[in-house]
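> Got a predicted structure here, sequence first:
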Amino acid sequence: MSDKKLNLITGLLFVILLTTLVFKLRTTPGGMILSGFFIGSMLAVGLLMIAFILTTFLRTITDRYSFLTFFFGISSIFILGYHYYLYSPILQITVPKNYEGSVNLVLSNSDYDVLTTDTNGIGYISESTYNKVYSRPQVFDSEGNRIDELCIPYNQATFWGRGRSTSTKSKLIIRTISFDITPKEKQYKRQIYSNDLFDNVDPTYVLSYE
């Protein structure tokens, strides 16, 4: 394959991957001050700078391919890896009909997720899901009605709140990701909900210990 065709292919792949990365960064959670898009964009720029340095080095070794072919190819590999790093599963959660309160997904040592919550809004997720998820979920009631509009995110920067609860009676630690469900009559505003996880979790699931 000629360098011209290879340049065209790698350039097109680079543009597609970079464009989809920009859209994905718009949904990534941020820090206390900086948005996820800003932080992610800075990391992407850093990867492109590394790709530029590697391309310059490779061009000193061989001139078989043009600078742009090397740059587009290396950058595409880096961005593809960044896509994988940013991957977040979109959970499909089912709660009881007319449920109001906090939805807590508890970290367990199971290899699968239990996303149909009990009457207390408690479900269970694997460690891999716990570590990767940040995307807004799809939420249904027990009759199959979509109720995403009733879900209140943790804050403007991130949908999920992450919690850590300890018991005074044991060394047991419960780690959760959570959000609230608030009905229309409460104007979709965050309320104060009380839910004793230690009294309500399923004891058959092994939880996190200190």
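Nice, thanks for sending it over. Numbers count the residues shown, from 1 in each chain.

> all helices of this structure, in order?
In the chain, the helices defined using DSSP state H lie at 3-25, 36-61, 67-85, 127-132, 197-200.

> ok, and which of the ones you listed has the densest surroundings?
helix 67-85 (a mean of 18; mean count of other Cβ atoms under 10 Å). In short, each C-beta sits where N, CA and C put it, glycine included.

> Distance from the chain centre to stretch 76-86, please.
Centroid displacement of stretch 76-86 relative to its chain, using Cα atoms, centre = their mean, to the nearest Å, is 15 Å.

> Please export the C-alpha coordinates of that stretch as CSV.
Below are the C-alpha coordinates for stretch 76-86, written out as CSV (Å, rounded to 0.1, in the frame of the first residue of the first chain):
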residue,chain,number,x,y,z
SER,A,76,-5.1,6.6,16.7
ILE,A,77,-3.6,3.8,18.8
PHE,A,78,-3.3,6.1,21.8
ILE,A,79,-6.8,7.5,21.4
LEU,A,80,-8.3,4.0,21.0
GLY,A,81,-6.6,3.1,24.3
TYR,A,82,-8.1,6.2,25.9
HIS,A,83,-11.5,5.2,24.6
TYR,A,84,-11.1,1.9,26.4
TYR,A,85,-9.9,3.6,29.6
LEU,A,86,-13.0,5.9,29.6
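
> so what's the closest residue to Phe52 other than its chain neighbours up against?
Computed as Cβ to Cβ, 6 or more residues apart in numbering, the closest residue to Phe52 that is not its neighbour in sequence is Phe71, at 6.5 Å. The contact partners of Phe71, by Cβ atoms under 8 Å, 6 or more residues apart in numbering, come to 51-52, 55.

> separation between the residue nearest in space to the middle of the chain and Asn155?
Closest to where the C-alpha atoms of the chain average out (Cα atoms, centre = their mean) is Tyr134, at 2.6 Å. In this view, Tyr134 and Asn155 are 13 Å apart by Cβ to Cβ, to the nearest Å.

> swap in Ala51?
Distance of Ala51 to Asn155, given as Cβ to Cβ: 34 Å.

> list the buried ones in the longest strand along the chain?
Secondary structure of the chain per DSSP state E: the longest strand is strand 172-181. Neighbour-count burial for strand 172-181, counted by 16 or more other Cβ atoms under 10 Å, picks out 174-181.

> Summarise which helices and strands that strand is packed against.
Counting by 3 or more Cβ pairs under 8 Å, 6 or more residues apart in numbering; DSSP states H and E, the packing neighbours recorded for strand 172-181 are strand 101-107, strand 151-152, strand 161-166, helix 197-200, strand 208-209.
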